[in-house]
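A.B. asks: Predicted model, plus sequence, below.
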Amino acid sequence: MRNFHQHGIDTRGRTSGKIKTICPQCNATRGHKGNKSLSIDLEKGVCYCHHCGYKLYVPDDAEERERQLRKEQYNRANKLPSHFRRPVFDPTRTNLSEKLERYWTQERCLAQHLLADLHITEERVKLPESNEEENCLCFNYFERGILINTKYRSARKHFMMVKGAELIPYNIDAILDSPECIITEGEFDAAAFMTAGRKDVISVPAGAQNNLNWMDRFVETHFEPKKLIYIAVDEDNAGQSLSQELVRRLGADRCRLVHFGPECKDANEHLVKYGVESLLITLAQAEEIPLEGVFTAEDRQDTLRTLFENGLQKGAETGWKNLDENCTFETGRLLVTTGRPGEGKSEFIDELVLRLCLRHEWKISFFSPENMPMDYHLAKLSEKLTGHAFRPGPGMTDALYNRVVSWLTANVTHILPDAGSYTVDCILEKARQLVRRRGVRILVIDPLNRIDQQLEAGQTELQYITSLLNKLSRFALQHKCLVILVAHPRKVNRNPLNGELRRVEMNDINGSANFGNMADFCITVDRNDAKEIVTVYIDKVRFKHLGSANTCAKFVYNRINGRYWPCEEGIVHRSDGDRLGPTNTVHDNENWLKNIAEEGCLFD
Ligand SMILES: Nc1ncnc2c1ncn2[C@@H]1O[C@H](COP(=O)(O)OP(=O)(O)OP(=O)(O)O)[C@@H](O)[C@H]1O
């Protein structure tokens, strides 16, 4: 059942079919009262007024209960993070100068009442860009009525946000309970849609950035329940890459892309040039994301032209020069790695993904039962990040410990499904949620044999593995992630003549030659304790712009912090004689976090 009456709509006892009735929004102001301009689909709960354009979605009982529950949970459990600085709202600053009001209403063509509704304030502050005091229009970022941050904007277009305050979406309270929402790239654009009558509008807090950490805390409560999300960001390049990341995080199926026409770069400009009706039409005409899996060259116009003009670009580098020469990485790909037990597959992959995350903000999620308990794994990651052993001591101060914990919290997750459900589908479902909620870009499955093997009736092991590899590749492509699978080889026998163990290859992986065939990257870790060298063989790189196969990179493993130091292999002179070993080793015990800014502060 849907409670239409709660919204002032009389359905005349009907509960199914489509009806027309009086619109509660505009009836009072109509000359012809009682006109049945509101169309309702009673089963779907969708209402639309053909006279005033009023749109409403009325949820059914189950949805209503779920909404209520979500709201209560959010209010009860979701404490506001306490480690951020919180500005204090000063209501006296809502007395605005005539000049500012004129700017808002006449230049920006925004509704006057929004100045009060949005608690716009005015203040003179010193801005870092000019190093001078300037008069600012202040956008106040509230959550549940509490001021979380303020963005100061001067007439000279200088900006500042409160140092140390949390970045959250602008006007976030407006979309807690709405079935749809509009996301804009600036507060003026959000106000433009509000001027046109929409309430469910937010703005990203820091313009077109690829890092969407500011949305993480709101995914479950504010974004997950949305049926339709309008992405109404700027039409320039930065806006388009923001749009792509928003679509990736929110799911293409419910997103629509809003376009403002050839002469307009954003919503406010459209409002100024063409007015509110026209702005609402941009929503009605918002473009669906093209059908997945069906493309024409036209759909690929932008990327194709970039490719045409710039050629294929190298992928993401790790900072290990010897590896980067022959292997760079892209999301949307599957990497399979192997090596004998205990030779350092996990250690090497851990460092590889930390390096990608530090350099490219590719957040990591591990399904890594091999590395349990999780604290041990986090301690290992911390050693790699800081360059220090994980215990109090010189260099590893309490402050650094806190720093590393907050970095790990922001960038690394562990998937640990309930015991008994280590199936690939269950792991990928959790990973999908993490892509949406946290923007994860790397999924590590370490190792393959800890996934529950679920053979369907009549399915051979080979078919099972092929289907699993397919699922991983598809996941990588669909969610633009780098998926890394660690797989054990079958036993490799010693050469009966010289007793030597040959190195492991992709074809040695238990179960199928398809590991090598279906992966985009194949990497083998080979540890030689006599030489004290770890050789990382790059056995396959599917695309030549990303690197070249049948190459290798050599490393010294540092047992104290678990880091791999690039080296070459050569003659090493020792007191007990010359032998092969590492030369030209690139030592690195630096704290990698030292140059990374803390989250939560955009401008001074
Ligand atoms: N080159 C090395 N020299 C010394 N110790 C190493 C080296 N590489 C890894 N180790 C240590 O060996 C142990 C096993 O490493 P790791 O778990 O990475 O191996 P793995 O190949 O993933 O093992 P498995 O096949 O059992 O999953 C770890 O304690 C690690 O610190």
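C.D. replies: In hand now; what should we look at?
A.B. asks: ok, residue 509 - contacts?
C.D. replies: By CB atoms under 8 Å, 6 or more residues apart in numbering, residue 509 lies in contact with 336, 338, 487-490, 515-516. C-betas here are computed from N, CA, C, even on glycine.
A.B. asks: One more: residue 124?
C.D. replies: Residue 124 touches 133-136, counting by CB under 8 Å, 6+ apart.
A.B. asks: Give me the buried entries from these.
C.D. replies: Members of the contacts of residue 124 that pass the buried threshold by neighbour count (16 or more other CB atoms under 10 Å) are listed as 134, 136.
A.B. asks: By neighbour count, which of the contacts of residue 509 wins?
C.D. replies: For the contacts of residue 509, neighbours were counted using other CB atoms under 10 Å, and residue 338 has the most, 29 neighbours in all.
A.B. asks: does that residue have beta-bridge partners, and which?
C.D. replies: The partner list for residue 338 in beta bridges (DSSP bridges) reads residue 524.
A.B. asks: For the stretch 501-604 of the chain, what lies in contact range of the ligand?
C.D. replies: Contacts of the stretch 501-604 of the chain with the ligand, taken as CB under 6 Å from any ligand atom, map to 527, 534, 557, 559, 562.
A.B. asks: My error: substitute the stretch 251-400 of the chain in the last question.
C.D. replies: Counting by CB under 6 Å from any ligand atom, the residues of the stretch 251-400 of the chain near the ligand are 339, 341-347, 370.
A.B. asks: pLDDT for those residues - can I get that in JSON lines?
C.D. replies: Formatted as JSON lines, these follow (pLDDT from 0 to 100):
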{"residue": "339", "pLDDT": "94"}
{"residue": "341", "pLDDT": "91"}
{"residue": "342", "pLDDT": "92"}
{"residue": "343", "pLDDT": "94"}
{"residue": "344", "pLDDT": "95"}
{"residue": "345", "pLDDT": "96"}
{"residue": "346", "pLDDT": "95"}
{"residue": "347", "pLDDT": "96"}
{"residue": "370", "pLDDT": "80"}
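A.B. asks: so where's the stretch 251-400 of the chain shaky on pLDDT?
C.D. replies: In the predicted model, the stretch 251-400 of the chain carries pLDDT under 70 at residues 291-294.
A.B. asks: Name the residue of it that lies nearest to the ligand.
C.D. replies: Ranked by CB to the nearest ligand atom, the top residue of the stretch 251-400 of the chain for proximity to the ligand is residue 344, at 2.9 Å.
A.B. asks: Nearest to the ligand among the contacts of residue 509?
C.D. replies: The shortest separation between the ligand and any of the contacts of residue 509 is 5.7 Å, and it belongs to residue 488 (by CB to the nearest ligand atom).
A.B. asks: what residues are up against the closest one?
C.D. replies: Contacts for residue 488 (CB under 8 Å, 6+ apart) come out as 338, 341, 447-449, 509-510.
A.B. asks: so of these, which ones are in strands?
C.D. replies: In this view, the contacts of residue 488 that belong to strands under DSSP state E are residue 338.
A.B. asks: Of the contacts of residue 488, which is the most crowded?
C.D. replies: Note: the member of the contacts of residue 488 with the most neighbours is residue 338, at 29 neighbours, neighbours being other CB under 10 Å.
A.B. asks: Any buried residues in the least confident helix or strand in the chain by mean pLDDT, and which?
C.D. replies: Within the chain, judged by mean pLDDT, DSSP states H and E, the helix or strand with the poorest mean is helix 61-77; its value is a mean of 75. Neighbour counts using 16+ other CB under 10 Å place 70, 74 of helix 61-77 among the buried residues.
A.B. asks: Can you measure across stretch 544-558, start residue to end residue?
C.D. replies: In terms of CA to CA, to the nearest Å, the two terminal residues of stretch 544-558 are separated by 32 Å.
A.B. asks: where does the chain dip in pLDDT?
C.D. replies: Under the criterion pLDDT under 70, the flagged ranges of the chain are 76-79, 291-294, 419-420, 597-604.
A.B. asks: redo that, cut-off 50
C.D. replies: Within the chain, the stretches with pLDDT under 50 are 599-604.
A.B. asks: quick one, domains of it?
C.D. replies: When the chain is parsed into structural domains using automatic domain parsing, the resulting residue ranges are 5-57, 61-288, 330-583.
A.B. asks: Can you measure across the longest one, start residue to end residue?
C.D. replies: Same thing as domain 330-583. According to CA to CA, domain 330-583 extends 31 Å from its N-terminal end residue to its C-terminal end residue.
A.B. asks: try the first one
C.D. replies: With CA to CA as the measure, domain 5-57 spans 13 Å from end to end.
A.B. asks: quick one: the strands in the stretch 301-450 of the chain?
C.D. replies: 333-338, 363-367, 412-414, 440-445 (DSSP state E, counting those that start in this stretch).
A.B. asks: Go through these and name the closest to residue 39.
C.D. replies: Nearest to residue 39 among the strands of the stretch 301-450 of the chain is strand 440-445; the distance by CB to CB comes to 41.9 Å.
A.B. asks: just checking, what packs against the closest one?
C.D. replies: Counting contacts by 3 or more CB pairs under 8 Å, 6 or more residues apart in numbering; DSSP states H and E, the secondary-structure elements packed against strand 440-445 are helix 345-360, strand 363-367, helix 424-438, helix 461-479, strand 482-486.
A.B. asks: Any chance of the ones you listed in CSV with mean neighbour count as columns?
C.D. replies: Below are the helices and strands packed on strand 440-445 laid out as CSV (neighbours: other CB atoms under 10 Å):
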stretch, mean neighbour count
helix 345-360, 22
strand 363-367, 25
helix 424-438, 19
helix 461-479, 17
strand 482-486, 26
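A.B. asks: And the helices in the stretch 201-350 of the chain, which stretches?
C.D. replies: In the stretch 201-350 of the chain, the helices defined using DSSP state H, counting those that start in this stretch lie at 237-250, 267-274, 276-284, 301-310, 321-324, 345-360.
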